[in-house]
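K.L.:
Could you work out the structure for the sequence below:
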Amino acid sequence: MDMDLKTIVGTGHLARPDGERDISALPWNPHPRFAGVALRHLVTGADTAGALSTHLVRIDAGAELAAHTHDGSVELHEVLLGSGRCSLGAKEVVYQPGACGLIPPGVKHSVRADAETELYILAKFAPALL
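P.N.:
Residues are numbered from 1 along each chain as shown. Model (predicted):
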């Protein structure tokens with residue numbers, strides 16, 4: 001695992017018109033439905049009047065963000081670190097750094113981290129989830 005990138009993911013900052021937000025100060029929130037998945041809410045709907053939300057997603061080695069849909073939002077994944085697989089409807093995609101996944105509203109999708117590494121994804125939703 002590229003520890004320099006993991007350090008950046010964990011300790012970077014988010015520049016905003018009203019100042020900067022220290023990403024490392026944001027809590028990892030256990031996903032309410034999926035064990036082994038946690039989220040850092042970088043930008044919430046409250047920050048954007050509901051237009052966009054952005055979340056750093058950590059999926060523990062071997063864990064899965066099980067099949068689900070977002071009926072009202074487009075979702076975009078950017079894989080930052082680790083490896084795994086994403087099921088997008090009937091298509092299965094390898095997730096590794098540099099890969100992106102576009103999930104239209106209502107498309108069933110799931111993401112599983114490989115057994116030997118955590119998977120970090122930057123997930124963006126428009127309109128916002130939170």
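
K.L.:
Need the CA coordinates for stretch 74-87. PDB is fine.
P.N.:
Presented in PDB, the C-alpha positions along stretch 74-87 are these (Å, rounded to 0.1, in the frame of the first residue of the first chain):
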ATOM      1  CA  VAL A  74     -25.900  10.300  -9.500                       C
ATOM      2  CA  GLU A  75     -22.900   8.800  -7.700                       C
ATOM      3  CA  LEU A  76     -19.200   9.000  -8.900                       C
ATOM      4  CA  HIS A  77     -16.500   6.900  -7.400                       C
ATOM      5  CA  GLU A  78     -12.800   7.700  -7.600                       C
ATOM      6  CA  VAL A  79     -10.600   5.000  -6.300                       C
ATOM      7  CA  LEU A  80      -7.700   6.500  -4.200                       C
ATOM      8  CA  LEU A  81      -6.000   3.500  -2.600                       C
ATOM      9  CA  GLY A  82      -6.300  -0.300  -2.300                       C
ATOM     10  CA  SER A  83      -8.100  -2.700  -4.600                       C
ATOM     11  CA  GLY A  84     -11.400  -4.500  -5.000                       C
ATOM     12  CA  ARG A  85     -14.300  -5.000  -7.300                       C
ATOM     13  CA  CYS A  86     -17.400  -3.000  -8.100                       C
ATOM     14  CA  SER A  87     -20.600  -4.400  -9.500                       C
END
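
K.L.:
For that stretch, list every residue counted as buried.
P.N.:
By 16 or more other C-beta atoms under 10 Å, the buried positions in stretch 74-87 come out as 75, 76, 77, 79, 80, 81, 82, 83, 84, 85, 86, 87. Glycine gets a C-beta too; all of them are placed from N, C-alpha and C.

K.L.:
separation between residue 28 and residue 36?
P.N.:
Applying C-beta to C-beta, to the nearest Å, the value for residue 28 to residue 36 is 12 Å.

K.L.:
Apologies, that question was intended for residue 53.
P.N.:
Residue 53 is 22 Å from residue 36, by C-beta to C-beta.

K.L.:
between these two, which one's more packed in?
P.N.:
Between residue 53 and residue 36, residue 53 has the larger neighbour count (other C-beta atoms under 10 Å), namely 23 against 17.
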